[in-house]
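Asks: Kindly return the folded structure for what I paste below:
(chains A, B, C and D)
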There are 2 protein chains.
Amino acid sequence: MTSSVDTELPTDHFEPHVPGIDYGVLDSLLGYGVRRAQLLIYEDFVATLAPWSITPQRFSALTVISRNAQLKLTQLARILGIARSGAVLLVDALAAMGYVERVPSPEDRRAYGLVLTPKGIEDLKVITEAVCEHDRRIGARLAPEESREMMRLLRLVAGPRA
Amino acid sequence: MTSSVDTELPTDHFEPHVPGIDYGVLDSLLGYGVRRAQLLIYEDFVATLAPWSITPQRFSALTVISRNAQLKLTQLARILGIARSGAVLLVDALAAMGYVERVPSPEDRRAYGLVLTPKGIEDLKVITEAVCEHDRRIGARLAPEESREMMRLLRLVAGPRA
DNA sequence: TATTGTTATACTCTATAACTATA
DNA sequence: TATAGTTATAGAGTATAACAATA
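Replies: Below you'll find the predicted structure:
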């Protein structure tokens, strides 16, 4: 098949439906449908954003930081659904990339406000463009009306719990 | 299955929408909508199946093994979208749980066929019931017609190339 | 006492690559 | 030569727990 060395074909080519395989109850589960979509989308996202070393989580962090002035690390962790210790490493990585800075909070000397650097602001524009193009690509099989309906249904499933 | 329907999700630490936070472009991205749903669903799945130590991946493996006679490890890896080395560890775990056995393949002495043990067959029935109840719970906010539409749209996004 | 950010540590999941025994 | 399963090893990503500074 390939002439390369002993290389695996890992998640680079996830096939939601392998021909000849009986998926049983999986085919009727909403959760497995979401899982299938998520794996495909994640793969395409990472491949598309590889030039910037941006993962979905990093993009989420940059976007939320850019839209919420003086966001605290603990808030970021809560938003992303990870532990504070994980948020520290994430912010460390984004800081090492020159995208994020910790600025001392005026009203709380324990805390820092997270802000984008000028480079972070600039690059996030291009990155966001790439993400939006990726998002249009994964939704390309949906008619505009179907896209809106899918977003509505997703919000119903994962929307505010209130 | 005969128990009353739980419309309330267990305590989770991921909040799809943290109050007071501006999510910017994330709110309009199909990929982030799927990500939100996936995180919520994954959490509820793991919590629900904790008594059996069953993760979504383990459940997928058990189901596919049960529905496809003499499934090979390499096929399983491809179906799940992971490397063969990962499939080895996964099957090791399922074997240690007494659910799966490797039986030598008659026509290829390098290969093994994966089969469920009697205990695996028995437990998978109960596990599948629990998974289906979990799946009904996460889709509880959708009307029956909306559920079908969501499955159709998910198949459009991640379904077979058609 | 509680909270913020941090560090230390460990566990899980996954990948790459090399190895064996077959084909 | 190629493939099936395995092993060894490393890298993310995450969690828990403890800590110092501050509230």
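
Asks: Skipping adjacent residues, who's closest to the residue sitting nearest the centre point of chain A in space?
Replies: Centroid-nearest residue in chain A: A:Pro56, 1.9 Å away (criterion: CA atoms, centre = their mean). Counting by CB to CB, 6 or more residues apart in numbering or on different chains, A:Pro56 lies nearest to A:Phe45, which is 5.4 Å off, once chain neighbours are set aside. Any C-beta I mention is one placed from the backbone N, CA and C, and that applies to glycine too.

Asks: Hmm, that neighbour is touching A:Cys132, no?
Replies: No. Checked against CB atoms under 8 Å, the pair A:Phe45 and A:Cys132 is beyond contact range at 11.5 Å.

Asks: So for the two, which residue has more residues nearby?
Replies: For the pair A:Phe45 and A:Cys132, the greater number of neighbours falls to A:Phe45 (22 against 14), based on other CB atoms under 10 Å in any protein chain shown.

Asks: need the contact list for the residue nearest to A:Pro56.
Replies: For A:Phe45, the contact set (CB atoms under 8 Å, 6 or more residues apart in numbering or on different chains) comprises A:55-56, A:59, A:131, A:134, B:31.

Asks: pLDDT at it, what is it?
Replies: Among the per-residue scores, A:Phe45 shows a pLDDT of 97.

Asks: my guess is it is in a helix, correct?
Replies: Yes. Secondary structure of A:Phe45 (DSSP: H, G, I helix; E, B strand; the rest coil): part of a helix.

Asks: residues in contact with A:Met97?
Replies: When the contact criterion is CB under 8 Å, 6+ apart, the partners of A:Met97 are A:Ser53.

Asks: quick one: it from A:Ala87, how far?
Replies: Relative to A:Ala87, A:Met97 is positioned 16 Å away (criterion: CB to CB, to the nearest Å).

Asks: What is the burial count for the spatially closest residue to A:Thr55 that is not a sequence neighbour?
Replies: Residue nearest to A:Thr55 in three dimensions, not counting chain neighbours: A:Val46, with 6.2 Å by CB to CB, 6+ apart. Using other CB under 10 Å, A:Val46 has 16 neighbouring residues.

Asks: Give me the secondary structure label for A:Glu122.
Replies: helix.

Asks: Which pLDDT value belongs to it?
Replies: 98.

Asks: For DNA strand C, see how far away it is.
Replies: Using CB to the nearest atom of the strand, to the nearest Å, A:Glu122 is found at 24 Å from DNA strand C.

Asks: likewise A:Asp22?
Replies: With distances defined as CB to the nearest atom of the strand, the gap from A:Asp22 to DNA strand C amounts to 22 Å.

Asks: Measure how buried that residue is and give me the count.
Replies: Under the neighbour criterion other CB under 10 Å, A:Asp22 is assigned a count of 13.

Asks: A:Val25 too?
Replies: Each residue near A:Val25 was counted by other CB under 10 Å, and the total is 15.

Asks: List the residues that contact it.
Replies: If you count contacts by CB under 8 Å, 6+ apart, then A:Val25 has B:63, B:128, B:131-132 around it.

Asks: the helices in chain A, which residues?
Replies: The residue ranges that make up the helices of chain A, judged by DSSP state H, are A:30-49, A:56-67, A:73-80, A:84-96, A:118-138, A:144-158.

Asks: who in chain A is up against DNA strand D?
Replies: Taking CB under 7 Å from any atom of the strand, the part of chain A that reaches DNA strand D is made up of A:1, A:3, A:6, A:55, A:57, A:81-86, A:89-90, A:93, A:108-110.

Asks: Pull out the buried members of the residues you listed.
Replies: When these are checked for burial by 16 or more other CB atoms under 10 Å in any protein chain shown, the buried set is A:55, A:81-82, A:90, A:93.

Asks: which one among those residues gets closest to DNA strand C?
Replies: When these are compared for distance to DNA strand C, the smallest value, 9.7 Å, is given by A:Leu90; criterion: CB to the nearest atom of the strand.
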